[in-house]
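> Show me how the following folds:
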Amino acid sequence: MNTCGTVFEMSVRMKKIITFAFLLFAVVAKSSDGQKVLRSVKNEAFKEGEILTFRIHYGIMSAGTATLEVKKDLMKIGSRECYHVVGTGETVGAFDWFFKVRDRYESVIDKNALIPWLFIRRVDEGGYHINQNIIFNHYTDSVKSEKKTISVPEYTQDLVSAFYYARNIDFTNAKEGDLFPLNGYIDDEIFPMNLKFIGRETISSKKGKFKCIKFRPQLQEGRVFKDNEDMTVWVSDDKNKIPVRVQTEILIGSIKMDLVDFQNLNSEPALEKD
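This next block holds a predicted model:
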């Protein structure tokens, strides 16, 4: 391992985060003066220090690992306290030889409103690279990328923040077929990420048997997915709502992601007793 290179990359990444944090500080401080009051969402699903670890399978083959981590230290954007969430994914074994993946996503999420202020996307997939730094301004309902600034619906989410916000949706009285609306942003476009409630089911994992809520996100078909309901997600039927399994059909096969470990959950998980 090239330790010096790794340390240098981390240093560059942190400098970029700090630079954007200062820029956001100015944006939020200026925009919030006399502007609308942002919503308040009660978060009972996660806390600082939470780490979720997954194993990814492509068909019957072990293909990779993924981690979602809420950093222990909160960030400050203007006067707003924020979670700093980092998601990483990488291929393992044979997949590393013919299609190496090293992806990293970061989101700075408002602690009170559960909306993103900053989204950083670093994609390295088989030599294909994406480097994006996205600024959200929820006082003006706009999003700024390196290419342009666009208007967005109120409380639009990025790919990471959408997951953490959705974990606080109340599914207690949900019926099969119910839709829970959500707007997402990617590549200077807005797309619906509505969640369709399917039912409840028990799923076995390496951490035990979870009572789960089952739903299907309404996805953007054509790019990766065959159909807009090709992904099924099982999340724990408790206050944490951690993903236990994600299964999807893509244009060139199927992928399954299973929970293998968790740390620092906000509440006791809904494990079935034998």
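> can you give me the helices for the protein?
All helices of the chain, identified by DSSP state H, fall at 3-32, 95-98, 161-166.
> weakest of those in terms of mean pLDDT?
Among the helices of the chain, helix 3-32 has the lowest mean pLDDT, at a mean of 53.
> And the pLDDT at the spatially closest residue to Asp124 that is not a sequence neighbour?
Nearest non-adjacent residue to Asp124, counting by C-beta to C-beta, 6 or more residues apart in numbering: Arg102, 4.4 Å away. C-beta here means a position set from N, CA and C on the backbone, and glycine is covered the same way. On pLDDT, Arg102 comes in at 94.
> And Arg102, how far from Ala66?
Separation of Arg102 from Ala66 (C-beta to C-beta, to the nearest Å): 12 Å.
> swap in Val160?
12 Å.
> Overlap in contacts, those two.
Gly87 (C-beta atoms under 8 Å, 6 or more residues apart in numbering).
> if we can go back for a sec, hmm, Gly127 and the residue nearest to Asp124 touching each other?
No - Arg102 lies out of contact with Gly127 (C-beta atoms under 8 Å); the separation is 10.9 Å.
> Which one's more surrounded, these two?
Neighbour count, other C-beta atoms under 10 Å: between Arg102 and Gly127, Arg102 has more, with 15 against 7.
> Would you mind naming the residues that bridge with that one?
As for beta bridges, Arg102 partners with Glu90 under DSSP bridges.
> ditto for Val85
Val70, Ser107.
> Could you verify my assumption that it touches Ser107?
Yes - using C-beta under 8 Å, Val85 is in contact with Ser107, at 4.9 Å.
> out of the two, which sits in the busier spot?
Each of Val85 and Ser107 has its neighbours counted (other C-beta under 10 Å); Ser107 has more, 27 against 22.
> What separation do you get for the more buried one and Pro181?
Distance from Ser107 to Pro181, by C-beta to C-beta: 20 Å.
> what's the answer for Glu154, then?
For Glu154, the distance to Pro181 - C-beta to C-beta - is 12 Å.
> on that earlier part again, shared neighbours, Arg102 and Ala66?
Both Arg102 and Ala66 are in contact with 89-90, where contact means C-beta under 8 Å, 6+ apart.
> In contact with Val246: list those residues for me.
Contacts of Val246 by C-beta under 8 Å, 6+ apart are 231-234, 256-257.
> now stretch 64-82, how far from the centre of its chain.
Distance of stretch 64-82 from the chain centroid (C-alpha atoms, centre = their mean, to the nearest Å) equals 11 Å.
> Use 489 as the first number from now on
Sure, I'll start counting at 489 from here, so that last one is stretch 552-570.
> Could you tell me the end-to-end distance of that stretch?
29 Å (C-alpha to C-alpha, to the nearest Å).
> Which positions in that stretch come out as buried?
552-554, 556-559, 563, 565-566, 568, 570 (16 or more other C-beta atoms under 10 Å).
> Averaged pLDDT, that stretch. What do you get?
94.
> Same question for stretch 723-741.
88.
> how distant is that stretch from the center of its chain?
12 Å.
> How about stretch 668-685?
Taking mean C-alpha positions (C-alpha atoms, centre = their mean), stretch 668-685 and its chain are 12 Å apart.
> Ok, stretch 682-694 next?
Chain-centre distance of stretch 682-694: 18 Å, with C-alpha atoms, centre = their mean.
> What number of residues are in the vicinity of Glu613?
Glu613 has 14 neighbouring residues, counting by other C-beta under 10 Å.
> what are the phi and psi values for the residue nearest to the spatial centre of the chain?
By C-alpha atoms, centre = their mean, the chain has its centre lying nearest to Val648, at 2.2 Å. When read as degrees, to the nearest 10, the backbone of Val648 gives phi -90, psi -50.
> mind listing what it touches?
556, 573, 575, 593-595, 597, 604, 607.
> Check the buried residues of stretch 552-570 and tell me the two furthest apart.
Within these, Gly552 and Gly566 form the most distant pair, 37.0 Å apart (C-beta to C-beta).
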